[in-house]
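Novice: The amino acid sequence is not available; the structure is as follows:
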């Protein structure tokens, strides 16, 4: 967490909020989150750089910047408790205590990367390096060119449980625990089944349900359980629509049977209905 819908929401917000802004100052209170650069390198590369496109790749938020030293990608991986937020001077002191990296903008606002547990990362990459990094990730599940055949082709040779295979970022980018649980419940597929065992109709159903649940969550601005906030500091609303994740012990919304919660499938929290997921 955050997964594809949450990072997509943050990236869209930031694109609207900071595109065209110029970085005037870089402060790094907690440099342990930095990757492929250090405090001095980050400041030298990005001071006086202008923000261009802000976009998402997998579970990453990517800011394209151009300055005197050239073009750069600032690649933020929030992981469990990280996030980017624009501070117009009203961010509370309790929120500021978790700031790891700050970029002061020309209009006085500050773009913070804050991370309660500091498990996320902030990397600085040139274009060639980012292309190499991105090439190690699977295709995007919402890419219009990702047909059912292409989707199943990425995963169907795996001997892993289908839930674990869906979350393998080398096979498919952006899907994490929440939306793997949800898509499999919607498609009526047991999360513990080997990916290779799915039939063609099941691949078609999973392809449809995964795309729909991701799009629905983006429309609701993501899922907030604990720490996730969008770039404006607001919580996502998709938690109200969850049918499986976080509902262990509650009735299945399809058949009424009690949902089972387990960590046996892949070491992560898996919630499913033993009656209607096969």
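Specialist: It's in. The shown structure was predicted, so the numbers you read here are calculated from the model rather than taken from an experiment.

Novice: now the strands: where do they sit in the stretch 1-150 of the chain?
Specialist: Along the stretch 1-150 of the chain, the stretches classed as strands by DSSP state E, counting those that start in this stretch are 23-27, 34-35, 50-57, 60-67, 70-77, 82-87, 99-105, 110-115, 121-125.

Novice: Nearest approach to residue 277 belongs to which of those?
Specialist: Among these, strand 50-57 comes nearest to residue 277, with 29.4 Å by Cβ to Cβ. For every residue, glycine as well, the C-beta is placed using N, CA and C.

Novice: which strands and helices sit next to the closest one?
Specialist: When contacts are defined as 3 or more Cβ pairs under 8 Å, 6 or more residues apart in numbering; DSSP states H and E, strand 50-57 packs onto helix 4-18, strand 60-67.

Novice: Touching the shortest one from outside, list them.
Specialist: Right, the one you point to is strand 60-67. Contact with strand 60-67 is made by 7, 10-11, 14, 18, 23, 45-56, 71-78, 84, 130, as judged by Cβ atoms under 8 Å, 6 or more residues apart in numbering.

Novice: how distant is the least confident helix or strand in the chain by mean pLDDT from the center of its chain?
Specialist: Counting by mean pLDDT, DSSP states H and E, the chain has its least confident helix or strand at helix 93-96, which shows a mean of 84. With Cα atoms, centre = their mean, to the nearest Å as the basis, helix 93-96 stands 23 Å off its chain's centre.

Novice: And it, what does it pack against?
Specialist: Right, helix 93-96 is packed against strand 110-115 by 3+ Cβ pairs under 8 Å, 6+ apart.

Novice: Can you check what angle separates the helix ranked longest in the chain from helix 4-18?
Specialist: Taking DSSP state H as the criterion, the chain has its longest helix at helix 200-219. Interaxial angle, helix 200-219 versus helix 4-18 (axes from the mean of the first three to the mean of the last three Cα atoms, to 10 degrees): 40 degrees.

Novice: sorry, back to before: can you say which of the contacts of strand 60-67 are buried?
Specialist: By neighbour count, with 16 or more other Cβ atoms under 10 Å, those hold 7, 10-11, 14, 18, 23, 45-47, 49-51, 54-56, 72-78, 84, 130 as buried.

Novice: So what would you say the end-to-end distance of stretch 25-33 is?
Specialist: Taking Cα to Cα, to the nearest Å, the first and last residues of stretch 25-33 lie 18 Å apart.

Novice: Just give me how far it sits from the chain centre.
Specialist: 22 Å.

Novice: bridging residues for residue 111?
Specialist: Following DSSP bridges, residue 111 is listed with bridge partners residue 86, residue 103.

Novice: show me where pLDDT drops low in the stretch 101-250 of the chain?
Specialist: Applying pLDDT under 70 to the stretch 101-250 of the chain picks out residues 225-227.

Novice: that older thread, I'd like to know which elements the helix or strand that the longest helix of the chain is followed by is packed against.
Specialist: For helix 200-219, the following helix or strand on the C-terminal side (DSSP states H and E) is strand 260-262. Applying 3+ Cβ pairs under 8 Å, 6+ apart, we find strand 260-262 packed against strand 270-272.

Novice: can you list the residues that contact the strand it packs on?
Specialist: So strand 270-272 is contacted by 163, 181, 184-185, 190-192, 244-248, 259-264 (Cβ under 8 Å, 6+ apart).

Novice: Same check on stretch 243-254?
Specialist: Stretch 243-254 is contacted by residues 177-178, 181-182, 184-186, 223, 225, 239, 257-261, 269, 271-273, 275-276 when judged by Cβ under 8 Å, 6+ apart.
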